[in-house]
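Enquirer: Dropping the sequence and predicted coords here.
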Amino acid sequence: METKIGLEIHCQLTGVKSKLFCSCSCDYRGKGANANVCPTCAGLPGTLPLLNRKAVECAGMISLALGCKIPDEIAFYRKNYFYPDLPKNFQLTQYNAYGITSIGVEGKLEYGDGGSKSTRIRRMQLEEDPGRLVYESGSMETSIYTLIDYNRAGVPLVEIVTEPDFSDPKDVRLFLDKVTSIIEHLEVCDTKLEGSVRCDANVSVGGGNRVEIKNVSSFADVEKALRYEITRQKTMASRDIEVKAETRHWDDARKVTKESRTKEEEQDYRYFPEPDIPAVVLGSEFSSSVMQLMPELPDARKDRFVLDYDLSAHVAQVLINNKKLADFFESALKTYHSPKEIANWIVTDLMGFMDEKEERLFEGLKIGPEHVADLAKLVDQNVISRATAKQILGQIVKTGEMPSSVAKKTRASMIDDAGALAQAIDSVFQSEQAAVQDARRNPNAANFLLGKVMQLTRGRADPKAALELIQKKLSEPSS
Amino acid sequence: MELFRLSAGQAAGGIKSREFSAEEYVCQLLERIKKVEPKVNAFVTVNSKEALEQARALDKKIRDGQDAGALAGVALSIKDNICVKGLRTTCASKMLESYVPPYDATVVRRLKQAGAIIIGKVNLDEFAMGSTTEFSRHGPTRNPWDISRVPGGSSGGSAASVAALECAASLGSDTGGSVRCPASFCSVVGLKPTYGLVSRYGLVSYANSLEQVGPVGRTVEDVAAVMNVIAGIDEHDHTTAAVGARPVYSAGHDGGRRQQQQPQLRVGLVKEFVEGADPAVAKVIHGAMDTLAKQGCRCEETSLGAVKYTLASYYTIAMAEASSNLARYDNVRYGFDDLNPEGYEWNSYFAKARSNFGEEVKRRIIVGSYVLSSGYYGKYYLKAQQVRSILRKELKSLFKHYDVLIGPTMPILPFKIGEKIVEDDPLKMYLVDIDTVVANLAGNPAISVPAGFVAAAAAADGGGLPVGLQMMADEFQEQKMLDAAFLFEGAAKVQRSPEL
């Protein structure tokens, strides 16, 4: 049975600082209720919207990064519906039914390993976020009254609508990772902020009715919600039950989708062009001027990592998937230029300490790029062994101490004194005579002796030097 | 000396030269208001205390030798759909009964900066929807020339307060003729600026793409003086045009002199406007054309074919925009006091609150919602917009041949209160806007100037009823229009204020 999945991604342009149609701050998180509100975003009688050009620029960047075409002229439409979180009881958005007026159309984004997959972008539109309803008891069902906070009302929002090109929820996840990485690289949205990116999905199985899934709070849960929903629809189909065309809400606690309690009727939004914002003529220069403003995009950055730093495509990809990680890497290079070593420390070791949830990547870790640079330097210069470095890393992520000072303190410095190392090897040869005999016949068995030497020196020996000495000693005639 | 009779120019001159104080002037106006309001009912709110405070502050400024501004001490009334900080702005609706705006409309801010005194807020049809000022929460305003008749609308309070000598000038708003219609009915001057010339920031929107704030005064000169203060680009309104920093208009002796130096004014009488008018009105308009010809204008009859589509187009667009603009009035954030939300959920509360709109407003919201609904947009709204571009094209070509197009402002004489409110035939009232909506649809400037009186047997005092001459010019050609209006005003010498 063919599965078709399409997405609607909402992304707040937190990088713009002020609201889409007034100069109020977008930074509403943690602010008092209705603190960031002026007559315009409160929709008071007589106020007029003033378009934020910076928001148009940022939306233009995303549009280009998603391979969309930008029309020469954009316009805003009123989407009319009654809801208490809308100060004007209409939302200013963009609409393409009577001619293309949205900031982007007909895009395509490649994702997955080496861009092996692609999804078409139907359109991208710039619009205003509504306010926020605060339920007195925490949920709509049990509240006697509801409070309205208009701090969020008017925050610039970009809606990205894909074609239903996905069939596997895993691809959706990869796609969302890529989109996240792009908007982070463009510095238009801080995706770590709660509610700054939201995703609705629609899914149909075997040509059946389309079901919308809303209320998915994190990108990670989109995949889970889709898996649940696909299973539900397939099960129904196998029992010959028709899937209803409906909107279902993701229940984060029970990890299921459920029928919306409020009946969402087929709404007629009575779209018409906003008379207070004359059509915005962008012209052909807009794309090129936005292009100039655009920071390096993830794909280009990955190529550069592979070419300039000689990283493997895989390692480069892991770093790029998260802008913070990639920035961390490049910042470490400024302190000590050893790209492969530092990349490996980040990807194979440091990431093991990180929170699974991307948005909390470095949370609770007291480690900075200079720490990893220092660590790589100690290893490169044979001051400590790789094994010791790993131990140190495990400590400093919690303490924030510099690796070199830890190394000094625990006197973990490598036994670089050839005499001391030879003494340790002699002692092992003494105690492991059988193994020595064995190793003389079978060179692979030398590794066992090396292990014993490392054990004896508690890892402070340079394994390379020790192995050389062991092999040399084995090749000598036995005494 | 009856200071309340002074024009805006005379008042500012007298106050600045300390012939009399702003305080004396305002006191006289407040007394005049007290005296005539029981008959006229133009005011919704009289700003007595603050107006006096403003006047005293201005007098001090003048005594200290500071610049008092172009409209020093001039008392203006403001239509009650234009925001004045701290003064209740009701739009003559229950829905905004207790709404006090926290900001000044740009036009009001500019007036205050120019030394003008806001003497009060004046009546209108609810949310400016109407042509009679009868559809008001505060009761109908009466025509000072015959208080049994309507003053026109929707800026009826503006025109009536100016005609009744309760203030020197007023700001109204003109969506489909709402400044010019009452100016015509009350025998005063009313101007609808080119779309985009005057900021709408702070004007409560009825139909955004059509309306402009416009001045009402007893002379063309006063109207020009107010325009000089309020016109010009505003950073709060994207639809204001870059017409230079501030245009400066002249009407009066300068204008007259310039007129003499300039080539002959070309005047076109739009025959469709005259043909549809009451014969008595048409006669006055033909007389007006003769007056202009005697003043050396080249006058001829011309035709504007698109007129037959304009009313349908106008009402489609106005109602569509209104249906969306008025959606915000749900009494959640502001509105009126006596509807406790206890026991309601959203939708039922919205419905209950919004049932307090008046019948005419409800009608327009319903029709407007209908024409925008999916499947009908192309049939109505889009078609209506097409009429606008056809009309603009036709007007553009006419203005190659004429400096001003003239006709009656209103096709009929002021009628009796209650006469046009026919519950089952609202179209009858919409029809009287036929001559004025053209300028709103096309965006052109238009002015109504008193043209004379028609003796009406039915008139209460046996006197005449006013007729207004409408002049329309090409976009941003306000100066030409004011020149023509000034020329006509000087020659026609029509009475401006009745005895009350």
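Expert: Everything's here; your move.
Enquirer: So what are the sheet partners of the lengthiest strand in chain A and their directions?
Expert: Across chain A, the strand with the greatest residue count (assigned by DSSP state E) is strand A:117-128. In the sheet, strand A:117-128 lines up against strand A:104-111 (antiparallel), strand A:156-162 (antiparallel) (DSSP bridges).
Enquirer: Residues touching the longest one, excluding its own?
Expert: Translated: strand A:104-111. With CB atoms under 8 Å, 6 or more residues apart in numbering or on different chains as the contact definition, strand A:104-111 has outside contacts at A:59-60, A:62-64, A:66-71, A:96, A:116-125, A:171, A:174-175, A:177-179. (C-beta placed from N, C-alpha, C; glycine too.)
Enquirer: Do you know the pLDDT at residue 355?
Expert: This is for chain A. According to the model's per-residue confidence, residue A:355 sits at a pLDDT of 63.
Enquirer: if you could check chain B rather than the one you did, that'd help
Expert: Here the pLDDT value assigned to residue B:355 is 96.
Enquirer: which regions of the stretch 301-450 of chain B sit below the pLDDT cut-off?
Expert: Applying pLDDT under 70 to the stretch 301-450 of chain B flags residues B:421-424.
Enquirer: Can you show me the helices along it?
Expert: Under the criterion DSSP state H, counting those that start in this stretch, helices of the stretch 301-450 of chain B are mapped to B:307-325, B:346-354, B:359-372, B:383-398, B:427-430, B:437-442.
Enquirer: Which other helices and strands does the fifth one contact?
Expert: What that stands for is helix B:427-430. Under the contact criterion of 3 or more CB pairs under 8 Å, 6 or more residues apart in numbering or on different chains; DSSP states H and E, helix B:427-430 touches no helix or strand at all.
Enquirer: The same query, at a cut-off of 10 Å, please.
Expert: Counting contacts by 3 or more CB pairs under 10 Å, 6 or more residues apart in numbering or on different chains; DSSP states H and E, helix B:427-430 packs against helix B:307-325.
Enquirer: Can you give me the neighbour number for residue 406?
Expert: Went with chain A since none was named. Other residues near residue A:406 come to 22 when the count uses other CB atoms under 10 Å in any protein chain shown.
Enquirer: hm, I was asking about chain B
Expert: Residues lying near residue B:406 (other CB under 10 Å) number 28.
Enquirer: Now do the contacts for it.
Expert: B:267-270, B:273-274, B:285, B:288-289, B:292, B:297, B:299, B:302, B:446, B:449, B:451, B:469-472, B:484, B:488 (CB atoms under 10 Å, 6 or more residues apart in numbering or on different chains).
Enquirer: What about those, which are in helices?
Expert: Taking DSSP state H, the ones among those that sit in helices are B:273-274, B:285, B:288-289, B:292, B:484, B:488.
Enquirer: buried ones in the longest strand of chain A?
Expert: A:117, A:119, A:121-128 (16 or more other CB atoms under 10 Å in any protein chain shown).
Enquirer: Chain A: which of the ones in helices among the contacts of residue B:406 is nearest?
Expert: Checking the ones in helices among the contacts of residue B:406 against chain A by CB to the nearest CB gives residue B:273 as the nearest, at 26.8 Å.
Enquirer: Report the contact partners of the closest one.
Expert: Under the contact definition (CB under 10 Å, 6+ apart), the residues listed for residue B:273 are B:281-282, B:285, B:304, B:307, B:405-409, B:411, B:434-436, B:438, B:470, B:472.
Enquirer: ok, now with 6 Å
Expert: Contact analysis of residue B:273 by CB atoms under 6 Å, 6 or more residues apart in numbering or on different chains lists B:407, B:435.
Enquirer: what do you get for residue B:111?
Expert: Contacts for residue B:111 (CB under 6 Å, 6+ apart) come out as residue B:229.
Enquirer: Let me see the mean pLDDT of whichever helix or strand residue A:183 is part of.
Expert: Here residue A:183 sits within helix A:169-185, counting by DSSP states H and E. Helix A:169-185 shows a mean pLDDT of 90 in the predicted model.
Enquirer: try stretch A:312-326
Expert: pLDDT averaged over stretch A:312-326 gives 83.
Enquirer: which parts of that stretch are buried?
Expert: Of the residues in stretch A:312-326, those buried under the neighbour-count criterion (16+ other CB under 10 Å) are A:315-323, A:325-326.
Enquirer: Can you pick out the most distant pair from these?
Expert: For these, the farthest-apart pair by CB to CB is A:315 and A:323; their separation is 15.8 Å.
Enquirer: near chain B, which residues of the stretch 251-400 of chain A?
Expert: A:268, A:270, A:272, A:275-277 (CB under 6 Å from any CB of the partner chain).
Enquirer: tell me the secondary structure for the nearest residue to residue A:187 once chain neighbours are set aside?
Expert: The spatial neighbour of residue A:187 that comes closest, neighbours along the chain excluded (CB to CB, 6 or more residues apart in numbering or on different chains), is residue A:15 at 5.2 Å. Applying DSSP: H, G, I helix; E, B strand; the rest coil to residue A:15 yields a three-state assignment of helix.
Enquirer: neighbours of residue A:15, just the number please.
Expert: Around residue A:15 there are 18 other residues, counting by other CB under 10 Å.
Enquirer: Let me see the confidence value for it.
Expert: As summarised for this prediction, residue A:15 has a pLDDT of 88.
Enquirer: what about the closest residue in space to residue A:33 that isn't next to it in sequence, how many residues close to it?
Expert: With CB to CB, 6+ apart as the criterion, residue A:33 has its nearest non-adjacent residue at 4.4 Å, and that residue is residue A:149. As a burial measure, residue A:149 scores 19 neighbours (other CB under 10 Å).
Enquirer: Return the residues in contact with residue A:149.
Expert: Taking CB under 6 Å, 6+ apart, we find residue A:149 in contact with A:33-34, A:131-132, A:134.
Enquirer: Next, count neighbours for the residue of the stretch 51-200 of chain A found nearest chain B.
Expert: Among the residues of the stretch 51-200 of chain A, residue A:89 lies nearest to chain B; the distance is 3.7 Å by CB to the nearest CB. By other CB under 10 Å, 21 other residues sit near residue A:89.
Enquirer: my guess is it meets residue A:82, correct?
Expert: Yes: contact criterion CB atoms under 6 Å: residue A:89 and residue A:82 qualify, at 5.2 Å.
Enquirer: Thank you, goodbye.
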